[in-house]
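*Asks:* just to be clear, the model below is a prediction. Sequence and coordinates:
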Amino acid sequence: MSIRVEGLTKIYGEQKAVDDISFSAGTGVLGFLGPNGAGKSTTMKILTGFIPQTSGRAQVCGFDVTTQPLDVKRNIGYLPESNALYTDMYVKESLAFVADIHNLHDPAKRIAEVIEQTGLGPEQHKKIHQLSKGYKQRVGLAQAILHDPQVLILDEPTSGLDPNQLISIRKLITDLGKTKTVILSTHIMQEVEAMCSQVIIINKGKIVTNDTLQNLKGANGEKQLEHVFVALTNK
Ligand SMILES: Nc1ncnc2c1ncn2[C@@H]1O[C@H](COP(=O)(O)OP(=O)(O)OP(=O)(O)O)[C@@H](O)[C@H]1O
């Protein structure tokens, strides 16, 4: 398993954002769902080492997020919800900057591959601030996968994309999930049905279900995941 989480808790002041959650994930796309404020982004930020947990443990590829943060960062790619980019940089320049941080052996070759994979080709010579939202999102994804990490954490990667862009980014994520562990947070249930093999639903900081997509729909006698989500998060 590339991700192991045990008894993870995060308290912000008085607010318990993540409440003693445990789960593990291997190769495939894991849908990480929950209503607004459920604790998804907080969990993702802990896994990527952006913020520390209050208690509990999280491991990425066998490395502990607290005691082995550099090893974790080598093995993880993160597309945060607020995809902060250096907008004055050219697309290629920003990728070269990230490649340098990761000390890649042949950055030019890898940058060309990732530009191809994310469909950035036609826009690759622009500055980031000149790009549409969808292309900015692709730059964020390109940066996240550049060092070919085993684990990808994607926080609402398709928000704001038009239907054409949605289809190509979904395909890219599905392809990545064939060999990598992808944790995908999204509010779009069709997206989960199209891409995810496993689904975790979190509500008020607690995991309310962790099952295969197939079981989840079957067990609840529902055809639509949306109904399952509503039933499990309105208790
Ligand atoms: N830096 C912070 N300081 C205090 N409270 C925070 C902070 N970040 C998040 N929270 C609170 O923690 C809870 C979980 O937030 P989180 O962003 O993890 O939810 P989420 O499931 O990602 O929501 P969304 O779907 O809206 O993105 C919320 O109640 C939120 O207000």
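*Replies:* Received the coordinates, thanks. Quick caveat: nothing in here was measured; it's all calculated off a predicted structure.
*Asks:* switch to C-alpha atoms for all contacts and neighbour counts from now on
*Replies:* Noted.
*Asks:* residues of the chain that sit close to the ligand?
*Replies:* 12, 17, 34-42 (C-alpha under 6 Å from any ligand atom).
*Asks:* dump those residues into TSV; add secondary structure and neighbour count as well.
*Replies:* Compiled in TSV, these are given as follows (DSSP: H, G, I helix; E, B strand; the rest coil; neighbours: other C-alpha atoms under 10 Å):
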residue	secondary structure	neighbour count
12	strand	10
17	strand	22
34	coil	25
35	coil	17
36	coil	11
37	coil	14
38	coil	20
39	coil	23
40	helix	24
41	helix	21
42	helix	20
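*Asks:* which of those residues lies closest to residue 148?
*Replies:* Checking the residues of the chain next to the ligand against residue 148 by C-alpha to C-alpha gives residue 41 as the nearest, at 22.3 Å.
*Asks:* what residues of the helix or strand of the chain with the lowest mean pLDDT count as buried?
*Replies:* Using mean pLDDT, DSSP states H and E, helix 213-219 stands out as the lowest-scoring helix or strand of the chain, at a mean of 82. Applying a neighbour-count criterion of 16 or more other C-alpha atoms under 10 Å, one finds 213, 216-217 buried in helix 213-219.
*Asks:* any idea what the residue most central in space within the chain is bridged to?
*Replies:* The chain has residue 154 as the residue nearest its centroid, 1.7 Å off, counting by C-alpha atoms, centre = their mean. For residue 154, the beta-bridge partners are residue 79, residue 184 (DSSP bridges).
*Asks:* please report how far it lies from the ligand.
*Replies:* 12 Å (C-alpha to the nearest ligand atom, to the nearest Å).
*Asks:* and the helices in this protein?
*Replies:* Assigned by DSSP state H, the helices in the chain fall at 40-47, 69-74, 91-101, 107-117, 133-145, 163-176, 189-195, 213-219, 225-233.
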